[in-house]
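1. predicted model and sequence follow; I will ask about them next.
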Amino acid sequence: MSEAASTRAPVGLLPSLAPLLCSWLPLQRWFAGKGRPVTGFSLVSATELLPVAARTGPGLLHLLLGVDHRPHPTAGNAPDCYQLFLGIRRALPPHLAPALVGRPTGGPLAGLTVYEGLHDPRLADLILQRLRTPGSHGPLRFEHPGPRPALPALAGPLPARPLGAEQSNSSLVYGDTYILKCFRRVQPGPNPDLELSLALARAGCARVPAPLAWYGSTGPRPYTLGVLQPYLRGSRDGWRLALAALAAGAPFTDEARALGRVTAEVHTALAGELPTARLAGPGTERLADGMRRRLDQAARQVPALLPYVPRLRAAFDAIAELGRRGRGWRAQRVHGDLHLGQALRDGTGTPGHWSVIDFEGEPARPLRERRRPEPTVRDIAGMLRSFDYAARTHRPWNPGWAERCRAAYCEGYADAAGADPRSEPELLRAYETDKAVYEVVYESRHRPDWLPVPMAAIERLAAAPI
Ligand SMILES: Nc1ncnc2c1ncn2[C@@H]1O[C@H](COP(=O)(O)OP(=O)(O)O)[C@@H](O)[C@H]1O
Ligand SMILES: O=P(O)(O)O[C@H]1O[C@H](CO)[C@@H](O[C@H]2O[C@H](CO)[C@@H](O)[C@H](O)[C@H]2O)[C@H](O)[C@H]1O
């Protein structure tokens, strides 16, 4: 393929890759279609970022791949779209052996080896070089926040490494200077991770790493595909810090309080920069309906939820009832999937120095839902669930530790926001229930061994008096 022809895949490319992808995709942590048989593929776009014809080194093929699944009662019939970086070489050097996708037996890549391109430092470097200069490459568009390049010129190349974390997407770290997140399952439209990080940068909020460059696809259905941010060197995420505190029998309340303050700061900045709304009357009914719908879908997917459904629904009915009686709530753009793993404490180890990352929202939800203004309690409930998760995964279970963190987090939030989330108990409970239901589905799909963690919360929430 030549660059000019980069939006058109060579004849026979997809049929030759399909059998390899059928086996490889379901093994990837970020593949959202686990347990749903793949029935076909289509190419949304194919871009040669490095010509495969160059025999001296690897080639790099960027694909937006439509994946069809057997129709599913809750997941629907629409194909999912995934972003792939396929490296292509004659033979794989030993250090790339684990990245193997397969060897096509026919088509334009017959006789060559196809592998996960993000794992190849040479190809990772090529992607960074491409990001340095705004402009188009076939259907892909590379952008910077302002007219001046945001990436300082650097003397030498930055060694790249894949993050290797349990992730919904894939990230590359460049010499501890930059981190590039490549979204995997993509939906057309602005990705909130980029949209909200840019808004927070405009607002001067120093709690969130500001995007330095990003790229997406153009066309009638544009996709946000990746974002480059400064790498917070030496930082540790809140989940690991919380588990370390639990293991040491140490309190975590000062950190929880600081996290509450940071959450409030981020919320205030988002409310100042992006549209807000008032949720009342039919809006409250719609909110409760969404929660009920997600609960019903979840119970179809995870039958262990079934006995709890009536009691859980009561929490959603309670907010609908408040709405009918005239109660309303302020709604604004929120993080959407806030948990301890999304908070990074800086490398100095100074208590309270937290940054917040990953504003993508819950990856399984449709983009238009994730971009809707919601009460800030949504994020607060997510973090409260996270303290519960940490305490539950630690042996012996330490419910008092979680309760103290939860209280401190709400106090910190109240200090900075001027309103305590516990003053809206019905809303908080509904959101905590909604989150626990989401977690049950998430764990059943990705980490079945962890299912008892959110199920314990389901039991607690179902038993609590309304
Ligand atoms: N700016 C950053 N600096 C340092 N580490 C980061 C940064 N952004 C993300 N990370 C690390 O990468 C991990 C995954 O990032 P995240 O945005 O949560 O990806 P995903 O949406 O795929 O889960 C985080 O848990 C964190 O450890
Ligand atoms: O990958 P993301 O960060 O976008 O989020 C997904 O994965 C999370 C797990 O990695 C999951 O979070 C759940 O497990 C956490 C512990 O690993 C816990 O702290 C969270 O409270 C709990 O929700 C998250 O729900 C999911 O969207």
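-> Right, received. Where do you want to start? Ligands and ions are numbered 1, 2, ... in the order given.

2. which residues are in contact with L109?
-> By C-beta atoms under 8 Å, 6 or more residues apart in numbering, the contact list for L109 reads L13, S16, L17, V52, I88. C-betas here are computed from N, CA, C, even on glycine.

3. I319 now?
-> Contacts of I319 by C-beta under 8 Å, 6+ apart are T284, L287, A288, E426, L427, A430.

4. and the second one, how many neighbours?
-> By that I understand L287. 25 (other C-beta atoms under 10 Å).

5. now the first one
-> By the other C-beta under 10 Å criterion, the neighbourhood of T284 contains 23 residues.

6. cool, and the fourth one?
-> Under the neighbour criterion other C-beta under 10 Å, E426 is assigned a count of 15.

7. likewise for the third one?
-> Around A288 there are 22 other residues, counting by other C-beta under 10 Å.

8. what parts of the stretch 301-450 of the chain come near ligand 2?
-> Counting by C-beta under 6 Å from any ligand atom, the residues of the stretch 301-450 of the chain close to ligand 2 are D337, H339, L340, G341, D358, E362, P363, R385, S386, Y389, E439, Y442.

9. checking the last one next. Helix, strand or coil?
-> Meaning Y442. Recorded secondary structure, Y442: helix (DSSP: H, G, I helix; E, B strand; the rest coil).

10. nearest spatial neighbour of it, skipping sequence neighbours?
-> With sequence-adjacent residues excluded and distances taken as C-beta to C-beta, 6 or more residues apart in numbering, Y442 is closest to A364, at 7.3 Å.

11. that neighbour: which element?
-> Applying DSSP states H and E as the criterion places A364 outside every helix and strand.

12. was I right about it contacting H446?
-> No. The pair A364 and H446 does not pass the contact test of C-beta atoms under 8 Å, sitting 10.1 Å apart.

13. list the residues that contact V101.
-> L20, L21, W24, L86, V114, Y115, E116.

14. so which of the residues you listed sit within strands?
-> Here DSSP state E is the test, and these give L86, V114, Y115, E116 as lying in strands.

15. redo those residues as JSON lines? Include neighbour count.
-> Output for the ones in strands among the contacts of V101, formatted as JSON lines (neighbours: other C-beta atoms under 10 Å):
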{"residue": "L86", "neighbour count": "25"}
{"residue": "V114", "neighbour count": "25"}
{"residue": "Y115", "neighbour count": "25"}
{"residue": "E116", "neighbour count": "20"}
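
16. pull the most distant pair out of the residues you listed.
-> V114 and E116 (9.0 Å; C-beta to C-beta).

17. which neighbours do the two have in common?
-> In terms of C-beta under 8 Å, 6+ apart, V114 and E116 are both contacted by the residues L86, G87, V101.

18. what distance do you get for the second one to G204?
-> Here the distance between G87 and G204 works out to 40 Å (C-beta to C-beta, to the nearest Å).

19. JSON lines for the contacts of I319, including secondary structure, pLDDT and distance to ligand 1?
-> Below are the contacts of I319 laid out as JSON lines (DSSP: H, G, I helix; E, B strand; the rest coil; pLDDT from 0 to 100; distance: C-beta to the nearest ligand atom, whole Å):
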{"residue": "T284", "secondary structure": "helix", "pLDDT": "95", "distance to ligand 1": "30"}
{"residue": "L287", "secondary structure": "helix", "pLDDT": "96", "distance to ligand 1": "25"}
{"residue": "A288", "secondary structure": "helix", "pLDDT": "97", "distance to ligand 1": "28"}
{"residue": "E426", "secondary structure": "helix", "pLDDT": "96", "distance to ligand 1": "30"}
{"residue": "L427", "secondary structure": "helix", "pLDDT": "97", "distance to ligand 1": "26"}
{"residue": "A430", "secondary structure": "helix", "pLDDT": "98", "distance to ligand 1": "25"}
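
20. now the residue nearest to P10 when sequence neighbours are not counted: which helix or strand?
-> Excluding the flanking residues, the one nearest P10 by C-beta to C-beta, 6+ apart is P108, at 4.2 Å. Element membership for P108, per DSSP H and E: none, as it lies in no helix or strand.

21. so P108 sits right up against S16, yeah?
-> Yes. The criterion here is C-beta under 8 Å, and P108 meets it with S16 at 7.2 Å.

22. can you pull the domain assignment for this structure?
-> 3-230, 236-463 (automatic domain parsing).

23. so which of these is the most surrounded?
-> Highest mean neighbour count among the domains of the chain (mean count of other C-beta atoms under 10 Å): domain 236-463, with a mean of 19.

24. list the contacts of the residue nearest to P10.
-> Here P108 is in contact with P10, V11, G12, L13, S16, V52 (criterion: C-beta under 8 Å, 6+ apart).

25. so which residues on the stretch 1-150 of the chain come close to ligand 1?
-> Checking the stretch 1-150 of the chain against ligand 1 by C-beta under 6 Å from any ligand atom, there are no hits.

26. if we use 8 Å, what do you get?
-> W30 (C-beta under 8 Å from any ligand atom).

27. per-residue confidence for the closest residue to ligand 1 within the stretch 1-150 of the chain?
-> At 7.1 Å from ligand 1, W30 is the closest residue in the stretch 1-150 of the chain, using C-beta to the nearest ligand atom. Note for W30: predicted pLDDT of 93.

28. what of D346?
-> 88.

29. now swap in G12 and tell me
-> Note for G12: predicted pLDDT of 89.

30. kindly report the same for P71.
-> At P71, the pLDDT value in this model is 75.

31. return the distance of it relative to N77.
-> As judged by C-beta to C-beta, P71 and N77 stand 5 Å apart.

32. residues contacting T268?
-> T268 makes contacts with A416, A417, as judged by C-beta under 8 Å, 6+ apart.
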